[in-house]
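Visitor: can you look at this prediction? I've put the sequence above it.
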Amino acid sequence: IARDPRWGGDKPLEIRELGLDVVVEDGVARTTIDQTFFNADNRQLEGKFQLPLPQGAAISRLGMYVDGELMEAAVVDRDRGRDIYEGIVYQRRDPALLEWMSGNSFSMRVFPLPARTDKRIFLSYTQTLEHLYDTERLVVPIPPVDLPAQKVWFRVRVKDAEGAELRSPSHDITVTKDGADEVVTFDASAYPLGEDFVLSMRSPKKVADLARSFEEDGARFLSARVRPDLTADRRTPPPGRFVVLYDTSGSRSREALAAQRRFVLSLARELDDESRVAVIAVDHAARSVSPLARAADLDVSALDAALRREAENAAGDTRLEVGLRAAAQAFGAQLEPGDTIVYVGDGIPTGLDRDADALARAVPEPVRFAAVAVGDTVDGKLLDSLANQRLGLTIAVGASESLADRAFDFVSALRTPCLRDVSAQVVTASGAPVNGASAHLASKRACDGEQIDVVARVPGEAPSALSIRVEGKSESGETFTRTIDAGTTRGGASYLPRLW
């Protein structure tokens, strides 16, 4: 949107061009969003933008063209950034300010947008892709805007993808071969925005442990990707009890609520007939939508109508702790193995308890917590932390995706064995921890078919012969250990400092 910085008043801002340039390599995507806006007004305005990014994405560049010259951004703390921005606005020069808001949501302000003039901005970020068995999944959030974009183009280069099957459930893509790479394209004119770009990449190649490296500013960055074999822990679980928390707070848009409703209905259809399921709506209070009953006996049409009524009255804050306590009470006094709370929403609590540790205390053991983060603006980090503490999992779902397929994936994942308490450290050839080295994990949990992604930073004076050791506990209590020789890493992974 655009506004007059002196008098206020918002109005739609025309998008002349939106481009996505993505390179996928070794399970990592480097994405650049290239946007050109047009101020159709006869006066100078300020641009305001909401930018949802994928969970775990790290911003690497922000640039803006000023009088034909590319200007690069610098990172400063929030208050300092605002002071600089306001000062430059006062001087009638060209600043841009990008701020983290909450979850994976960023806000950007740009001034000035001269009358009847284009303004071109680009933003780059790096992310580790979601991986399950032989398929990687790329999601680029594209929020809805009031006016269609005059020109839209997407370009995705998938490195070393020979034999891979690439498809998009969201856009009509074209796939061409370029040597060992596959190139995905999409082009459109006068195109309405609001549907996330989703690309799945299925590879027939056997996934092996992978290590990469890069050196910058006297430090060595390492990465390791490990896929644990949990075949021995696979089993057929008995029917369980599920209480679904349906987020109806004021932060949920009409599109997000509709996607949540469709996912809950698909989830109910995917559960075993003998499983028992209940649904509770939660915002500032918790309300029973459907009591605990056999999935086979559930009246899906009645549940659909009840969820629609709840969505019509969506308002208020998100008292997630209230919903969790209500869900725990719905199981009754006698808790059973397999009891699971499934939260469906954005994961951004606004009640008294807002951190994962406090929220976990509202979920009694042995109840599991699983989450479905729906929409572009979500707090996947909090949901994943809560799921880690309560032996569950978290998936992210776009409103435009096939929700029946995602519900099937979710239920299947709930039934698969997982590693818990996963940790990683950099060690020497003798197995001793390296002083000053630290390792970061995307998640402390990895289920069958998933990968463990590790990024580590090592001081420049550390020995050259290093390894990354990954450990965890299986559900049967066995210790999992895998050591990846960092001496065999491939260099040139310039994206690693950004992931760190």
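Guide: Perfect, I can see it now.
Visitor: centroid residue for this protein?
Guide: Gln55 (2.7 Å; Cα atoms, centre = their mean).
Visitor: gap between that one and Leu113?
Guide: Gln55 is 31 Å from Leu113, where distance means Cβ to Cβ, to the nearest Å. C-betas here are computed from N, CA, C, even on glycine.
Visitor: quick check, the residue nearest to the centre of the chain in a strand?
Guide: No. According to DSSP: H, G, I helix; E, B strand; the rest coil, Gln55 belongs to no strand; its state is coil.
Visitor: isn't it right next to Ala396, touching?
Guide: Yes. The pair Gln55 / Ala396 is scored as a contact, 5.8 Å apart, by Cβ atoms under 8 Å.
Visitor: common neighbours of those two, please.
Guide: Taking Cβ atoms under 8 Å, 6 or more residues apart in numbering as the criterion, Gln55 and Ala396 both touch 373, 378, 380.
Visitor: Ser203: which of these is nearest?
Guide: Closest approach between the shared contacts of Gln55 and Ala396 and Ser203, by Cβ to Cβ: Gly380, at 24.8 Å.
Visitor: once you drop chain neighbours, what's closest to that closest one?
Guide: Gln55 (3.7 Å; Cβ to Cβ, 6 or more residues apart in numbering).
Visitor: who's in contact with the one you found?
Guide: By Cβ under 8 Å, 6+ apart, the neighbours of Gln55 are 104, 127, 373, 378, 380-381, 396.
Visitor: restricted to helices, list those residues.
Guide: Residues of the contacts of Gln55 located in helices (DSSP state H): 380-381.
Visitor: return the member of the contacts of Gln55 nearest to Ser253.
Guide: Val378 (12.2 Å).
Visitor: burial of the nearest residue to the closest one once chain neighbours are set aside, as a residue count?
Guide: Among residues not flanking Val378 along the chain, Asp346 sits closest, at 4.6 Å (Cβ to Cβ, 6+ apart). Around Asp346 sit 27 other residues, with neighbours defined as other Cβ atoms under 10 Å.
Visitor: from Asp247, how far out is Asp346?
Guide: Using Cβ to Cβ, Asp346 is found at 7 Å from Asp247.
Visitor: between those two, what contacts are shared?
Guide: Residues touching both Asp346 and Asp247 (Cβ under 8 Å, 6+ apart) are Thr318.
Visitor: those helices in the stretch 1-150 of the chain, which residues are they?
Guide: For the stretch 1-150 of the chain, the helices defined by DSSP state H, counting those that start in this stretch occupy 78-90.
Visitor: residue ranges with poor pLDDT in it?
Guide: 5-8, 73-104 (pLDDT under 70).
Visitor: can you tell me which residues contact the residue nearest to Val378?
Guide: Asp346 neighbours (Cβ under 8 Å, 6+ apart): 103, 247, 251-252, 256, 318, 373-375, 377-379.
Visitor: pull out the buried positions in stretch 442-460.
Guide: Going by neighbour count (16 or more other Cβ atoms under 10 Å), the buried part of stretch 442-460 is 442-458.
Visitor: now do the contacts for Asn388.
Guide: 420, 443-445.
Visitor: for it, helix, strand, or coil?
Guide: helix.
Visitor: distance of the nearest residue to Val426 once chain neighbours are set aside from Arg220?
Guide: What sits nearest to Val426 in space, not counting adjacent residues and going by Cβ to Cβ, 6+ apart, is Ala437, at 3.9 Å. Going from Ala437 to Arg220 by Cβ to Cβ gives 9 Å.
Visitor: repeat that for Gly27.
Guide: Gly27 sits 20 Å away from Arg220, taking Cβ to Cβ as the criterion.
Visitor: ranges for the strands of the stretch 201-350 of the chain?
Guide: In the stretch 201-350 of the chain, the strands defined using DSSP state E, counting those that start in this stretch lie at 210-216, 219-226, 241-247, 276-282, 286-294, 340-345.
Visitor: could you give the angle of the first one to strand 219-226?
Guide: The one in question is strand 210-216. Calculated by axes from the mean of the first three to the mean of the last three Cα atoms, to 10 degrees, strand 210-216 forms an angle of 170 degrees with strand 219-226.
Visitor: again with the longest one
Guide: Using the same axes, to 10 degrees, the interaxial angle of strand 286-294 with respect to strand 219-226 works out to 40 degrees.
Visitor: how far off centre is strand 286-294?
Guide: 29 Å (Cα atoms, centre = their mean, to the nearest Å).
Visitor: before we move on, what about the second one?
Guide: If you compare the mean C-alpha spot of strand 219-226 with that of the full chain, they lie 21 Å apart, counting by Cα atoms, centre = their mean.
Visitor: that one pairs with which strands, parallel or anti?
Guide: Strand pairing for strand 219-226, using DSSP bridges, gives strand 210-216 (antiparallel), strand 452-459 (antiparallel).
Visitor: can you check the third one too?
Guide: In the sheet containing strand 241-247, its partner strands are strand 276-282 (parallel), strand 340-345 (parallel), by DSSP bridges.
Visitor: now do the buried residues in whichever helix or strand comes after the last one.
Guide: Once the chain leaves strand 340-345, the next helix or strand it forms, by DSSP states H and E, is helix 356-360. Counting neighbours by 16+ other Cβ under 10 Å, one finds that the buried residues in helix 356-360 are 356, 359-360.
Visitor: give the other helices and strands that helix 356-360 contacts.
Guide: Contacts defined by 3 or more Cβ pairs under 8 Å, 6 or more residues apart in numbering; DSSP states H and E place helix 356-360 against helix 320-330, helix 380-389.
Visitor: cutoff 6 Å now
Guide: helix 380-389 (3 or more Cβ pairs under 6 Å, 6 or more residues apart in numbering; DSSP states H and E).
Visitor: picking that back up, distance to Ala285 and neighbour count for the contacts of Gln55 - can I get that in a markdown table?
Guide: Listed next are those as a markdown table, based on distance: Cβ to Cβ, whole Å; neighbours: other Cβ atoms under 10 Å:
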| residue | distance to Ala285 | neighbour count |
| --- | --- | --- |
| Asn104 | 27 | 23 |
| Gln127 | 36 | 24 |
| Ala373 | 22 | 26 |
| Val378 | 22 | 27 |
| Gly380 | 25 | 20 |
| Lys381 | 26 | 16 |
| Ala396 | 27 | 25 |
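Visitor: out of the contacts of Gln55, flag the one nearest to Glu14.
Guide: Nearest member of the contacts of Gln55 to Glu14, counting by Cβ to Cβ, is Asn104, at 26.1 Å.
Visitor: circling back to that earlier point, adding distance to Leu138 and mean pLDDT, write the strands paired with strand 219-226 out as CSV.
Guide: Shown next, in CSV, are the strands paired with strand 219-226 (distance: least, Cβ to Cβ, whole Å; pLDDT from 0 to 100):
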stretch, distance to Leu138, mean pLDDT
strand 210-216, 18, 85
strand 452-459, 15, 92
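Visitor: so which of the buried residues of helix 356-360 is the closest to Val367?
Guide: When the buried residues of helix 356-360 are compared against Val367 (criterion: Cβ to Cβ), the nearest one is Ala360, at 10.5 Å.
Visitor: so what's the closest one up against?
Guide: By Cβ atoms under 6 Å, 6 or more residues apart in numbering, the residues touching Ala360 are 386, 389-390.
Visitor: go again using 10 Å as the cut-off
Guide: 324, 353, 369, 385-390 (Cβ atoms under 10 Å, 6 or more residues apart in numbering).
Visitor: contacts only, for the nearest residue to Pro337 once chain neighbours are set aside.
Guide: Excluding the flanking residues, the one nearest Pro337 by Cβ to Cβ, 6+ apart is Pro366, at 5.8 Å. By Cβ under 10 Å, 6+ apart, the contact set of Pro366 is 335-339, 390-391.
Visitor: show me what contacts Asp283?
Guide: 246-252, 310, 313-320, 322-323, 345, 350-351 are the contacts of Asp283 under Cβ under 10 Å, 6+ apart.
Visitor: mind checking which of those residues are buried?
Guide: Buried among these (16+ other Cβ under 10 Å): 246-249, 251-252, 310, 314, 318-320, 322-323, 345, 350-351.
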